[in-house]
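Peer 1: build the 3D model from these lines:
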Amino acid sequence: MNPYIMSIFLLALGLGTTITFMSSHWLLAWMGLEINTLAIIPLMAQHHHPRSVEASTKYFLTQATAAAMILFASSTNAWITGQWDITELSHPVPSTIMMLGLALKIGMAPLHTWLPEVLQGLDLTTGLIMSTWQKLAPFSLLMQINLDNPVLIMMAIMSTMVGGWGGLNQTQLRKILAYSSIAHIGWMILVLQFLPSLTLLTLATYIVMTLSIFSLFKLNKTTSINTLATSWSKSPAITALAPLILLSLGGLPPLTGFGPKWMILSELTKQELNTIATITALSALLSLYFYLRLSYAMTLTLSPNTTPVTNQWRFNTKQLTIHLSISSIMSLTLLPLLPSIMTLIN
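Peer 2: Have a look, this model is predicted:
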């Protein structure tokens, strides 16, 4: 794609999210979401591969459905209450429809089925944008509306379970990361109505860890579990860090990913939601299993070789790796600073 055209689409992507961030009127927020959707579709289909075109079509249809639900819910709320303000979504019917529309936008269960299929058809760079940047605008709206609704809690619990179960039998890395995203969304939404600042912290740490793992897979050009075995001969130093980054995504101490999950479980027990806390903690074990599976495939197995030499030619990479270095360090070492960051957010 022409660099000028690419920069226009990326600028529109940022503009759409910024408009949604700054809006207090439902129509303006809806326009920001639409600009966001229309800007990323050409980026998804830029390689003209049948899989990417199929993913773009699926994404367009689901996002158009979600946008229609959001517009219908905001119009219904304005008809009932006479208010277009985002914070004035008070009636239970438009509030529930709005939650379902935003859940479809970000891929929460049971409205998640489009996300693994779409992510599988994208290249790793566009997949990274889909997994991180595209979630910011819907989350900003979710944080502003009235969340006193049992439907959202049920969807959050279902997301943590589906994100764990769905990734168990996958061999494609992009699908595994999609189910990881679904599980993390469930964790974030669970604590949203009790402590929104903790949701922000969890989202920030998830974005850092996802940036790190997507950058690592892009550096090694790996898209399936079978090709992970060649990582060791391509870049040994990065491959040695990769299992730690994956375990950080799984939430093992003393890595960064442990902090938000521990705080969320602590907050749920403070709210006397012990059953929900137990279910989500057990669902984290499901996710941890497929992270360990990836770690094993990457570090403890070798790819099949017909010659005695297992090392591949290692050319100097032309990719920028500074963002991979920074995000990897943050994914592994931020745990002691998380309480201070949480205090600053509050």
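
Peer 1: now the host helix or strand of residue 203: buried residues?
Peer 2: Element membership for residue 203 (DSSP states H and E) is helix 196-220. For helix 196-220, a neighbour-count test (16 or more other C-beta atoms under 10 Å) marks 196, 198-220 as buried. (Glycine included, C-beta is placed from N, CA and C.)

Peer 1: repeat that for stretch 228-242.
Peer 2: 228, 229, 230, 231, 232, 233, 234, 235, 238, 239, 241, 242.

Peer 1: can you lay out those residues as JSON lines showing secondary structure and pLDDT?
Peer 2: What follows is the buried residues of stretch 228-242, written out as JSON lines (DSSP: H, G, I helix; E, B strand; the rest coil; pLDDT from 0 to 100):
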{"residue": "228", "secondary structure": "helix", "pLDDT": "83"}
{"residue": "229", "secondary structure": "coil", "pLDDT": "78"}
{"residue": "230", "secondary structure": "coil", "pLDDT": "76"}
{"residue": "231", "secondary structure": "helix", "pLDDT": "75"}
{"residue": "232", "secondary structure": "helix", "pLDDT": "75"}
{"residue": "233", "secondary structure": "helix", "pLDDT": "70"}
{"residue": "234", "secondary structure": "helix", "pLDDT": "72"}
{"residue": "235", "secondary structure": "coil", "pLDDT": "74"}
{"residue": "238", "secondary structure": "helix", "pLDDT": "80"}
{"residue": "239", "secondary structure": "helix", "pLDDT": "82"}
{"residue": "241", "secondary structure": "helix", "pLDDT": "85"}
{"residue": "242", "secondary structure": "helix", "pLDDT": "86"}
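
Peer 1: ignoring the adjacent residues along the chain, who's closest to residue 151?
Peer 2: residue 96 (5.8 Å; C-beta to C-beta, 6 or more residues apart in numbering).

Peer 1: helix or strand right after the helix or strand harbouring the one you found?
Peer 2: Taking DSSP H and E as the definition, residue 96 sits inside helix 92-106. Following helix 92-106 in sequence order, the next helix or strand is helix 114-120 (DSSP H and E).
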